[in-house]
Structure formats: structure tokens, C-alpha cells
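> Return a 3D structure for these sequence lines:
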Amino acid sequence: MNKLTLLSLSAALSLMGVWSSITHSATLPDNLNWQSNTNDPVFSSPNAIFGGTYRTYTNSFPQSFRTVGPDSNGSFRAWLLGDASSLLDKHPNSNNWYASLATSWAYGDDNKTVYFKLNPKAKWSDGEPVTAKDFTFLLTLMRSKDIVAPWYNEFYRTEVSDIIVFDPLTIAVVSGKEHNRDELMDYTNLSPRPAHFYANPKVDKNSDGIDDNFVRRYNFKPEPVTGPYYIDKIKKGKKITLKHVGKSWWGYDNPYYQHRFNVQKIEIKVIRDADIAFKHFEKGNIDSFSIVRPDLWHKKATGKKYDAGYIHKAWVFNQAPVGAGGMWLNTAKPLLNNIDVRKGIMHATDYDTMLEKVLRGDYIRKPNGMGFGHGDYDNSSISATAFDANKAIGYFEKAGFDIVGPDGIRVNEKGQKLSFAVTYSQQAHTPRLAVLRERAKLAGLDFELNLIDGSSMFKYVLENKHDISFHSMGTSDIPAYWEYFHSENANKPQTNHFTNYSTVELDNMIMAFKSEFDIEKKKQLSRDIQKVVAEANLIVPGYMVPYAREAYWRWMKLPENIATKRTGYLFHGWGFTQTMSAFWIDDNSKKETKIAIKSGKTFTPVTLIDDTYKVKN
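Presented below is the predicted three-dimensional model:
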């Protein structure tokens, strides 16, 4: 996620349409070492064909097309953010930076400033050029109270102190703190916002320049994008169509974007039940389907259409970082503010049995509720608490739950029942939670299953209505803590502080982590924070899926090297963020397949397994 903050005077003036003398007076240092990167291998195929419509689905219609503010953090957000190009991009295998909206970059000597030359060909999807003004506008937008996004307000005030404009195509991003060069780019690599799109002549000139009714006005008004796909058509509640800006897209001059983003349209249907969506897929109404679920891969994605080679399967492993999550315990709720109750829940939650019986051992338990795959930022001494009903009972009795009710669930002397609602978003997760519920009863604990479909579930959790939330979050190479555990975000709606737990000690550690320059000290602070969080028993560590698995019709084509180190999806199942978008559609193969189905002709069945990036135990 991109970071920034304080609005410079030059940026403020440029937002009002004044290319100020202050901006022109900024002098670019003459000793800069400009660099770029074209040395890493490309990961697309020169055989890719441009064109066709890729048909997929989402399980709920988005509650907003905004990417910030209330109700913006749903699953569809991945599609929107995937088309928000940043100054640079990162190679999925080497982890090296390469050019995107910027053609080259240079580091300053102060450990805070990075200089960028913008691509003069870069345009928004409505044809307007991308300029420095779009970056200074980003600061104004993200700092404004009118977007109703406290996390972004704070983040964009503290992580970047300024954006310096030298000319319309040359800027410098100044971090709010000194950073080791290994991570400075993570704090200065920004995605612009289209200043021309948000221009409003009715805005009070004495205000921050953002519409007071921003949330309502832009709720279902998609903004232009810098990526290849923009929202073209909306059929509310039923379908969203994305359209490619065309072969003239500015990004195709970049060798790392060539032969990618190949389909001309993406049709996203709203199908609220995944099992029904799978039936649509097998009928040929959807082009690919993520079959990460073990029941799909091992049992359902089998039969005539697979044996006849009409539908192919692929299983590719990855080494992508995994975010925080599992079961988030809301300490703002009665009983869950008692650490002995939380410790009991840790021991009463039997993930191992669930992973074995429901998920066939395909998934792996997270060792740590804060995620995995961040290298030395992770505390390797922490391991997930093992199921032990007797230990759980001991903690529950210590918390006063020493009476066993007629249904086997414990109560205290006040008559309070040891029962908590577990909120989750997909029907497919019900069998998993059912196992956890049955096993928890051995310790006298009841998990009440609270299924809320789609984006409504996350809205429910963001409003702090949950007891326990069953979900995981995304992550970057550097783990995040402020949004999850700092007291600034506790007991407030629309933040990611799902546990509402905070202490002065933890606040101080988080702020020290954010400002620490020495990379080794920062990693130690990260490990220390994870230890405090683990000892507070706030997140029952969930599972992680170190692979992508897909079923796809044979007209869907993939490069020879079908996956990268960070491939989370082979196709656009959840947007562009975890897929390299290197697939394409072969219309001739599509026609051939449809004729073959009618005539009974068969092809060689295909199941691809790529364990290049499988983590060896």
C-alpha cells in the first residue's frame, strides 16, 4: 500500500490551478544517479493474443467504487487497486524495482527523498495526461477529513512529509522519516489520483479542495485509471464490465507490461453462491474458476469434461507473504476482554483437525496470527497454540466459568454463557467452522456461526459489531501494525483494528517501529511486537494457502512458465494484485472446443503442477 503526508505549499497552490513561482524555484540536484531496470527476465509470452472477453464472477456487488472511505474495503477493491499504477512496480521473482509511471528514479543523500521522472506518455483512461499535479492532489485527497478514512488521513500525514514538484514531469517524494534504502522505496512509491476528475468549481476556496460530500458523490462513480482496464458498464447488483483502453495503452512501451493484460473486456457477474458459480463455470458460462478449496480440486473438478480435455487444471506454488488473520477476538465485547477467556479460546480452537478432515492437509497453519513470509520481520519463536481441551477448561474456570450447563456449554455465576458469534463471509467456510465448533464444545465453549455474505460481512466487522471475525488480511513485504493495534484506531468504525486491544507499551513499540532507521533494529521491534500480540492472545492463528489452483477452459492460455514466485491467482479471480495477468484467450481454440463438445471429439486431458516455488519443509 502506498504512503504519504504533509501537503507542501507548492502542492496546495498547484491544486488550485496555480503553477506557483515556488514550484518553479525548486532546483533539481545535479549529482543524482538516475537508474532504471530492464535487466530482469520478462514473465509473459510473446505468443499471447490480444482480444476476447474474459468472463468471471464476484460473490457480491460492491457497496462502493471508491477505494477509500466507508464501505470501500470489500473484495471488489482488488479490481480497482489492480488498475492503479504506481511510480514503480516490483518484479515478482527477483523483487527488484522496475519502471511504471516513472521512467527512472534516483535516491537523495538524506535517506528520505526519492526523485522520479514521470513517463510523458502515461495517461488516464479518459485520455488526460498523468502529471505531477496528480501526485500532489493525492496528498490533499488522502489528508482530507471529507474522505472519512482515518487510517489514510494518519498514514498520509506521517509517512511522507512532502512532494516537491520541479516541473510537470519531475517530482521528489520526501518520506516523513529516514529509512534504510532497502525499504525507502516502499514508503515513497506512490499511486496518483486524477486531479481533473475531482475538480469541483463549487468547492469553497478556503477548504482543502475536496468535496464535502465526497463519500456520497463518488460512491458509485468510478474514477479514471492509469492501468489498462477501466469500469465501462455497470448493471447494479448483477454485472460489472471492465474494458481495455486498447493496444495504444501507454504501458505497452514497457517490456515488463508487454504481452500482458491481453483480454479486451472482463465481464464480472454477481453470483452470490460459489457452488452455483462453479456450475456456471462447468457449463462454459465462466472461463476459469479458482479451485483452491480441496473439495473442488480433489472431488468436484473431475469427470467427463476434464477427462475429455475440455477443461484443464493447474496447481502452482508460491512464496508470497501472508497477511495477519485467523479468528480476531474483539476485546471490546464482554468476556473477550478477559485474557483467561482468550487463552482458553486459543486452546479450544482445533485448527489441526479442521485442516486434516475438511481441507485434506492442503492448507498450512499460520504459526503466527500476524502472518508469515516477511523474513526476519517475523518472530520464528512463536507457534500456534495447540488444541488442548483440558488446558482450555483450566483457563475458562480461572475466568469464572466453572459451571457446565445442560448443553455442555459453560456458564459463570452471573448466568453468562461461554458463547461467541463467529462472523464469516462464505458458505464454503461453514464446514470448516462447524468442525471448530464441535471440537470447542469439548472445552465447554460454543462458537455460534454467523454467516454474512460478501461485502456486508466486512462492513459488519468494520463497525465493530462482531465478537469474533473469521478472516485474513493482505500484506506487503513489511508487516503493518499501526492499523491493527494502535490505540488511535481502537473502538472506532471503519478502521482495521479488529481486536480493539491497545496498550501504551504497544503504542510506543509501534511508533518506534514506524520511525526506526536501522533495519536490524526495526526487524527486532517487529519481532517484539509480534510477541506482545501473541502473549495478549488476540488472534487465533488461521491457515495459509501457499499456492494457486485453477480450473479453466482449454481456450484460456498461459505462458510456458505459468507462474511466478508471487502468483496468487493464474487468472483475474480477485483482481490484478496477485496475478501477473499473462494469460490470453484463443478464439480459434474456443470454437474448436465448442464444436468438439457437440461432436464428441476429445483432447488429451491436462493437469499442470508447478512446484518451482514450493516451500520445502
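
> quick check: longest helix of this protein.
Longest helix in the chain by number of residues (criterion: DSSP state H): helix 519-535.

> Check what contacts it and list those residues.
Contacts made with helix 519-535 from outside it, assessed by C-beta atoms under 8 Å, 6 or more residues apart in numbering, are listed as 180, 182-183, 368-370, 374-379, 381-382, 479, 481, 485, 505-506, 509-510, 512-513, 516, 539. Every residue, glycine included, has its C-beta placed from N, CA and C.

> Likewise for stretch 226-235?
When contacts are defined by C-beta under 8 Å, 6+ apart, stretch 226-235 is touched by residues 65, 82-85, 101, 122-125, 130, 191-192, 220, 222, 224, 239-245, 249, 251, 261, 265-266, 576.

> Buried ones from the contacts of helix 519-535, can you make that a ChimeraX selection?
To isolate the buried ones among these in ChimeraX, judged by 16 or more other C-beta atoms under 10 Å, type:
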select :368,369,370,374,377,378,379,382,479,481,485,506,509,510,513,516,539
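
> Identify the residue nearest the geometric centre of the chain.
Within the chain, the residue whose C-alpha comes closest to the C-alpha centroid is Gly474; the distance, by C-alpha atoms, centre = their mean, is 4.1 Å.

> Show the end-to-end separation of stretch 409-428, please.
The distance separating the two terminal residues of stretch 409-428, taken as C-alpha to C-alpha, to the nearest Å, comes to 26 Å.

> Apologies, that question was intended for stretch 243-254.
20 Å.

> got any ranges where the chain has weak pLDDT?
1-25, 201-207, 573-579, 617 (pLDDT under 70).

> got the contact list for the host helix or strand of Thr423?
For Thr423, the enclosing helix or strand under DSSP states H and E is strand 419-424. Judged by C-beta under 8 Å, 6+ apart, the contacts made with strand 419-424 from elsewhere in the structure are 327, 333, 335-336, 345, 409, 430, 433, 436-437, 445-452, 457, 460-461, 465-471.

> What of stretch 291-300?
278, 289, 301, 313, 315, 358-360, 362-363, 428, 545, 547-551.

> wait, what's in contact with Asp126?
By C-beta under 8 Å, 6+ apart, the residues touching Asp126 are 194, 197, 224.

> one more time with 6 Å
Shown in contact with Asp126 (C-beta atoms under 6 Å, 6 or more residues apart in numbering): Pro224.

> nearest residue to Thr58 other than its sequence neighbours?
Take Thr58 and drop its neighbours on the chain: the residue closest to it by C-beta to C-beta, 6 or more residues apart in numbering is Ile268, 5.4 Å away.

> In a strand, that neighbour, correct?
Yes. Under DSSP: H, G, I helix; E, B strand; the rest coil, Ile268 sits within a strand.

> hmm, back to that, among the contacts of stretch 291-300, which ones are buried?
Buried members of the contacts of stretch 291-300, counted by 16+ other C-beta under 10 Å: 278, 289, 301, 313, 315, 358-359, 362-363, 428, 545, 547-551.

> Which residue ranges of the stretch 251-400 of the chain form helices?
Applying DSSP state H, counting those that start in this stretch to the stretch 251-400 of the chain gives helices spanning 274-282, 294-295, 304-307, 339-348, 351-357, 389-398.

> hang on, Val316 packs against Leu608?
No. Here Val316 lies out of contact with Leu608, judged by C-beta atoms under 6 Å, at a distance of 7.6 Å.

> After the helix or strand harbouring Ile163, which helix or strand is next? Please name it.
For Ile163, the host element (DSSP H and E) is strand 160-167. Counting by DSSP H and E, the element after strand 160-167 in chain order, helix or strand, is strand 170-175.

> Quick check: which helices or strands does that next one pack against?
With contacts defined as 3 or more C-beta pairs under 6 Å, 6 or more residues apart in numbering; DSSP states H and E, strand 170-175 has these neighbours: strand 113-118, strand 160-167, helix 181-188.
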